Each structure stands twice: as C-alpha cells, then as structure tokens.
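Chemist: Sequence and predicted structure are below.
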Amino acid sequence: MDSLLDRSSHHPYGRSKSELILQYRERLNGLLRWLAVGDRKVILVLMVAGFFAQSVNMLDYPSFTFKDDEGIYAGQAWAVLHLGRLTPYTYFYDHAPAGWLLSAAWMALTGGMQTFGGAIDSGRVFMLALHIAMIPLLFRLTRQLGGNAISAGLAAALFSLSPLAIFYQRMFLLDNIMLFWLLMSLCLLLDEKGRLSHVILSGVTFGLAFVTKETAIFSLPVMVLILWRQRRAHQGIFAIYSWIIPMVMVVSWYPFYAILKGELLGAGQSFNLLFGGNSSTGPAVSLVDALKWQSTRGGGGIFNLDNLFWQLVRKEWFPRDPFLLAGGAAAILFNLVRGLFKRAWLTPGLLGLLPLIYLGRGGIVFDYYILFLIPFLCLNLGLVLGQLLKYLPNRLPSGAALIVCGGLLVLYALTGSLAPLYTEHPDAAGRAALSWIKQNVPSQSYIITRDDLWTDLHEDGRGGPSFPNVHSHWKVASDPAVRDTIFKDDWQNVDYLIMSPGLIESFTTTNNKIALAALSHATLIKRWTALPGNIALHPQQFIELWKVNKPAKDSAPAQDSTRFANNLSQQITDIMAKAEQSLPVGGKKTETGTPWNNFTRSLGNLIKPGPSTAGSN
C-alpha cells in the first residue's frame, strides 16, 4: 500500500504531487489576476451587454414615426446617395452636414437604404454600431480621468443599461454621431504618453464633432483646459497649436462651402459683392442667418422654472431614469466642489456642467438633446461610486459594483421604465400604413406627410414603387417653391394627406394654409393604430390616410378656395414667421451603379454652384 502511495504521489517526470498542485495553483492565481485587472475583458463583457441592451427590439421601440428628425436625416442621406445633394430640398444650413454624409457612406457600404428594413432602420443599426464603439471610449475616458476599473465599468454599464440612455441612443440622430467624435477626441487628448500625433488627431475629431452637430462647441472650454493643464507639460505651447490648427481646418470647410455657394452672409450682403462678382439670384439662404436663427430660438428663459428644460426634466427625463438624472447631477456637483481642492476632479465636473448649461440656458430644447449630457452623467456618477466602493475590503468592490448594477436593473424593472423597451411595438401602425399605401395608392399622387415616411415613400421597395410627389408638410408650409410652384398655393392640388399624432398642431403653428384647407375637404380612407402601451413613456401611435375631395372643375372658382384657406388659417393662428427656406426635389432619383459609387460620385457634386432657379442647393 505504501509503495502504491509513493508511486501515485510522484509525477512520471519526477515532480511530486505537491509541486504540481503548487504549479497549477500559481497558474490559476495568475489567470485570476489577469481577469481581475484586465480592462480588455471587462470592456468585452460591457460591449456584449451593451449590444443586447440596445439591439433587442430597437427597430420597433421607439417607433420610427415618433420623431420627425429621424426622417429628416434619413431623407438627407437619401439625397446624398441619389441626387448628389446635401438635402432633397434647399440646404439652408440648419445643421452642418457631416453627420448625414457619414450616414450616407454607411448606407452605401451596407448595400443601400433598405438593407435592414427601412431607411430609418438602417440609420438605427448605424447608431448601434456607434454605441458599441463608444463603450470602450467612455471606459477609457473614465480611467484617464482618475477612475479605477470599477468606476469605468460602472460608467460604461450605466451608459448601456439606463432606460433613458437606451430610449434616445437607439434613434437615428446627429447627437449620437457627434458624441462618438467628441468621446474619441477626449480620449486622444488625454493620452497618458502625450503623443503629438494623438493631439493632432484629437483636434481633427473635435472638428468632426462640431461639423456633425454644432452643440459640440459647448465642450470647447474643457478641451482648452485639458490642453493648457496637461498637454502643455509635454510639448509646451506647440501642443495647443497642434490641436487648434487641425480643428480649425476641419471646421473651416463648413463656412468655406457657404462661401463657394455664395451663401455665407445674409440677404443683401452677398459675399460675392465683396469681390465684385454677381450676387446670387437664387433663394435667400445663408449660414450667418441660419446661425442667428438657431441662437435666438426661445425656450422660456433661463430663470423660468417652467421653461422647456424644466418641463422635460419633470415629464420626460426623470420618469425614465431618476437615478441617473438625479444621481448624475449630484455627482457633477460633488466633483466640481472636489475640483476646487484637487484640480484633477475639475475636468469631469466641467464635462458634465457644460452640457447642463447648454440644456438650461433658456433656449429651445428638445427631449433628445439629453443625449449630449448622458455620457457625462454616467462618467461623473461612475467616478463617485468607484471612489466610495474602493474603501471596502479587498475583493469586495468588484462584487459591490455588480450588486449596484443588478440593483439598478431591478429598480428599472419595478418602475416600469425598462420593460417597454423590449416588449412594446408602437411602430406597427407606421409599418402597416407604409405597406398598404405602397400597394394601394397611385404612385404619382401628390401627398403631404411627415418626414418619417418621406424617404421610404421616395424609395422603391417595401412592397411597391417610389412616390416622387410626396412632400414634407414643413416645406409645404414655408417654402415658396413647394407651396407656390408645386401646389400652386391651392389645396385642390393635394391628393392625399398622411396624418399622425401632433400633425394638426404642426399645421396650425406653421400656418400651413394648403394642408389645413385640404384636410377640411378630405375623407378618412384608412386608420392604423398601434396597440396601447405605457403612454407615459411613449405616446400611442396612429397613422391616418385622408383623400382630398376635389370639387368639379365648373363648380367653384380657384379664388374661392384661396379665400377659404386664408380665412381658415386666420381664424386658427398666425404664430410663426417664416421658419425655413427650402426647395423641391431637384428631379428624379438615379440609381445607376452601386450605392457606394453613387455616394462617391455625389461628393464631387456637392460644391458645384447650383443654378439660380428653384432647384439649386
């Protein structure tokens, strides 16, 4: 028996059993240490979790008919691919175009507008890809700003799991694209080794963030602070110039494009006149006028507790995620106060404070503007929680962080803000309506609709042909080329109206005489209604198709219909002045070549001077 024990306790190659146990134990401990401190493994897990949290039911919730903005950007990407223009109507500099140029490139590379369903669906898949890319960026940024792995993991987890974040990050919006460039710029600028190439690339990516969505400018002060306090220590004043010059070069092409088009200055101030050239005889659009319009849009005033910002806090943002909103705001304040004593904490505090100033400034605020703030709420909250958890005994902080994440998911489930993201389908009405219209309505009909259906109706497929005479109600209301040239200021030239929640109010506030008069003479053909869900988080969606009943040619003169429309609009309201300058689609779409070839060919046409007629850019 002893001999058997002796033989079994020795390895065939001479090593004892105890030595083998020690060897395997050391390997196991090494693996555990590698997993414990390996940020790459944590990031991988977070990316997988973020993928499922964002992707499940993302094409159905929120409904693609919920926000007109998604349809606007899809239509602009469509114009780049098919028309070689920045927009299907006149580009009036409402936003810099880098966001939808990049979206058009995505759609070209992935096979077209309808690879993933509809045009907005393709845009949402692009948003998913950007979100997955932003997870490691936010994780790294948190680490660079002094957070430990737990802080970074909590920040990235909140960024992916918060119902507030999921709801708006799924949407095809310029804000999501801008955030990707902004986070990349911050990570490059905070490079620990202070490499000059990263400083230059940071300036380039910040410029791209600005020409995607101008709100990125509110982060400029903290970028300058990082340059002055950290990068100057490595390369001196040269680092500042190395960041500013590439950033200005990228941003400058936006006004330079306006100069080339003769649309930099306002009406009567054509830039061409400064050089003795001929001023444009086309539509009076200009970059300067657009910037003035954007900066003067009121939202209730900064000291008004019932302005748009505070209304959205109470009615939209807080019900979706009170923990992130309240906890993140408190963490920002905490880091700002702590930054007075230790300067390193001032940077994350300012990164959160500046978007808050933008939102609360008293100007126009839409609900999805919260996207600019969300990653920095997560960043500050993750930093504070990570600092608190590090005081726990060894190996307990990681477990406590998992408990925090699990507790938040339970909290979200109990409050009812999480389940609708994965179980409700408010888009069903819009998809059914689009399919029925494609198959049953004459394709040459003149239709007034919202932008959410515009692109898919102009595109072949989805069960039917393209509808070249579909027009956005915004353009019918405010664009003389659409109102007077296409519809001849006469409601009788409208064949159908596609109605959805809030559209009648939009007709009223924009004084859309043609649409109001046409609707008053229309008959409801069909109505599609989505199943009701949690209407506090997502309004119930419906789509209605109305056919305009036109009188016989010899019954009433055109002057009577015009007079009727004028009287009707005056009785309702005349709130807005001229809000937009735009033009009709400049001809039929061309589909020769692949989507990528169309996209690259389109880029060469964007700066060509347009004709002085109504079809120019």
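Modeler: Arrived safely, thanks for sending. Nothing here was measured: the structure is a model prediction, and the numbers come from that model.

Chemist: ok, and for stretch 443-457, which residues are buried?
Modeler: By 16 or more other C-beta atoms under 10 Å, the buried positions in stretch 443-457 come out as 445-457. (Glycine included, C-beta is placed from N, CA and C.)

Chemist: among these, which are in strands?
Modeler: Those of the buried residues of stretch 443-457 mapping onto strands are 447-449, per DSSP state E.

Chemist: quick one: which of these is nearest A413?
Modeler: Of all these, A413 sits closest to T449, with 37.2 Å by C-beta to C-beta.

Chemist: Give the closest residue to that closest one in space, chain neighbours not counted.
Modeler: I498 (3.9 Å; C-beta to C-beta, 6 or more residues apart in numbering).

Chemist: Can you report how many residues lie near the closest residue in space to L346 that isn't next to it in sequence?
Modeler: Nearest residue to L346, sequence neighbours excluded (C-beta to C-beta, 6+ apart): G339, at 3.0 Å. Using other C-beta atoms under 10 Å, G339 has 16 neighbouring residues.

Chemist: just for the stretch 51-200 of the chain, where's the confidence low?
Modeler: Judged against pLDDT under 70, the stretch 51-200 of the chain has no low-scoring part.

Chemist: and the closest residue to Y73 other than its chain neighbours, how many neighbours does it have?
Modeler: Among residues not flanking Y73 along the chain, W100 sits closest, at 5.1 Å (C-beta to C-beta, 6+ apart). By the measure other C-beta under 10 Å, the count of residues near W100 is 27.

Chemist: didn't I448 look like it was pressed against N469?
Modeler: No. Using C-beta atoms under 8 Å, I448 makes no contact with N469, being 10.1 Å away.

Chemist: How much space separates P480 from T90?
Modeler: Distance of P480 to T90, computed by C-beta to C-beta, to the nearest Å: 11 Å.

Chemist: Name the residue in the two with the higher neighbour count.
Modeler: T90 (27 against 15).

Chemist: Please, where are all the strands along the chain?
Modeler: 447-449, 470-472, 496-499, 522-529, 542-548.

Chemist: wait, which of the ones you listed is closest to V313?
Modeler: Taking C-beta to C-beta, strand 542-548 is the member of the strands of the chain nearest to V313, at 28.0 Å.

Chemist: Would you give the sheet partners of the closest one, along with the direction of each?
Modeler: strand 496-499 (antiparallel), strand 522-529 (antiparallel) (DSSP bridges).

Chemist: any idea how far that strand is from the chain center?
Modeler: 29 Å (C-alpha atoms, centre = their mean, to the nearest Å).

Chemist: Likewise for stretch 384-393?
Modeler: 34 Å.

Chemist: Identify the residues contacting it?
Modeler: Stretch 384-393 is contacted from outside by 147-148, 150-152, 154, 331, 334-335, 397, 400-401, 404, using C-beta atoms under 8 Å, 6 or more residues apart in numbering.

Chemist: show me the contacts for the residue nearest to the spatial centre of the chain.
Modeler: When C-alpha atoms, centre = their mean is applied to the chain, the residue found nearest the centroid is L173 (2.2 Å). Going by C-beta under 8 Å, 6+ apart, L173 touches 67, 69-70, 73, 127, 368, 371.

Chemist: Can you pull the phi and psi angles for it?
Modeler: Main-chain dihedrals, L173, degrees, to the nearest 10: phi -130, psi 150.

Chemist: how near is the residue nearest to P97 when sequence neighbours are not counted to H95?
Modeler: Spatially, and ignoring its direct neighbours in sequence, P97 is nearest to L86 (5.0 Å; C-beta to C-beta, 6+ apart). Going from L86 to H95 by C-beta to C-beta gives 10 Å.

Chemist: next one: N335
Modeler: Taking C-beta to C-beta, one finds N335 at 31 Å from H95.

Chemist: between those two, which one's more packed in?
Modeler: Between N335 and H95, counted using other C-beta under 10 Å, N335 has the larger neighbour count: 28 against 21.

Chemist: show me the contacts for that one.
Modeler: Taking C-beta under 8 Å, 6+ apart, one finds 345-346, 348-349, 352, 380, 383-384 in contact with N335.

Chemist: mind listing what the residue nearest to T449 touches?
Modeler: Applying C-beta under 8 Å, 6+ apart, the residues near I498 are 433, 437, 447-450, 453, 543-546.

Chemist: Surely F210 touches V251?
Modeler: Yes. Between F210 and V251 there is a contact under C-beta under 8 Å: 5.3 Å.

Chemist: Those two: which has the busier surroundings?
Modeler: A count of neighbours by other C-beta under 10 Å puts F210 above the other of F210 and V251, at 24 against 21.

Chemist: Can you tell me the number of residues neighbouring the nearest residue to that one once chain neighbours are set aside?
Modeler: Counting by C-beta to C-beta, 6+ apart, the nearest residue to F210 once its immediate chain neighbours are dropped is A216, at 4.7 Å. Residues lying near A216 (other C-beta under 10 Å) number 24.
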